[in-house]
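Chemist: any chance you could fold what I've pasted below:
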Amino acid sequence: LFMVDPIDEYAVQQLKEYEGKKLVCATKEGLKLNETEEEKKAFEEKKAATEGLCKLIKEVLDDKVEKVVVSNRLEQAPCVLVTGEFGWSANMERIMKAQALRDASTSSYMMSKKTMEVNPSNPIIVSLRDKVSADQSDKTVKDVIWMLYDTSLLTSGFSLDEPTTFANRIHRLIKLGLSIDDDDEGDDAIEDMPELEGAEDVGESTMEEVD
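Modeler: Just a heads-up that it's a prediction; the model follows:
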């Protein structure tokens, strides 16, 4: 079921099952999909290979996420942020934040910690995994992890914590794509600076004093 109306969030909290079928939110953790034995085996192999990357992502993001796990729910996206099974969904969190008279104490415990689920088959994750294996101290890895987190916030229905920081990361990527160096930009800025007014007058008066 694809539920897009605000009332749906309230209705589903009371309607736990329908005609013997339990309703499960696809944006929360605990989603289980039917798999064949071959698919399970292939997933376990990819999961084992990605565990190291998951630990590094958790270290970088720290308290932004509760845990980082390998998931089989994703088809194309590199990662997604999901909420706890008994907390608010991303959509419900957004609805409650918009309430003028919301209870802050209720919000604090209902806004459950986010879990990042990683797609081990995605080319970005595969490339990042190889880069981490080669050199874990690579400075671009940390930037990529934060970019993945910020984009996952948006695609998962959350709002950005720090839009300016996200914009700065995007700008750095644009500069990288256009082969623009920050040093070159600084030189241009210096060259473009206008001359100080009265600079020539100051020079002339100094020369007169010397004479």
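Chemist: and the helix or strand harbouring residue 57, how far from the chain's centre?
Modeler: Here residue 57, judged by DSSP states H and E, is contained in helix 37-61. On the basis of C-alpha atoms, centre = their mean, to the nearest Å, the separation between the geometric centre of helix 37-61 and that of its chain is 18 Å.
Chemist: packing partners for that helix?
Modeler: Helix 37-61 is packed against strand 67-70, strand 115-118, helix 123-134, helix 139-155, with contacts defined by 3 or more C-beta pairs under 8 Å, 6 or more residues apart in numbering; DSSP states H and E. Any C-beta I mention is one placed from the backbone N, CA and C, and that applies to glycine too.
Chemist: now that helix and helix 123-134, what's the angle there?
Modeler: 60 degrees (axes from the mean of the first three to the mean of the last three C-alpha atoms, to 10 degrees).
Chemist: helix 37-61: which residues count as buried?
Modeler: Applying a neighbour-count criterion of 16 or more other C-beta atoms under 10 Å, the buried positions in helix 37-61 are 43, 46-47, 50, 53-54, 56-58, 60-61.
Chemist: which of the residues you listed lies closest to residue 161?
Modeler: The shortest separation between residue 161 and any of the buried residues of helix 37-61 is 11.3 Å, and it belongs to residue 61 (by C-beta to C-beta).
Chemist: the closest residue to the closest one other than its chain neighbours: neighbour count?
Modeler: For residue 61, the nearest residue in space outside its immediate sequence neighbours is residue 149; the separation is 5.8 Å by C-beta to C-beta, 6 or more residues apart in numbering. Taking other C-beta atoms under 10 Å as the criterion, the count of residues near residue 149 is 21.
Chemist: can I assume residue 150 is in contact with residue 168?
Modeler: No. Under the contact definition of C-beta atoms under 8 Å, residue 150 does not touch residue 168, with a separation of 10.8 Å.
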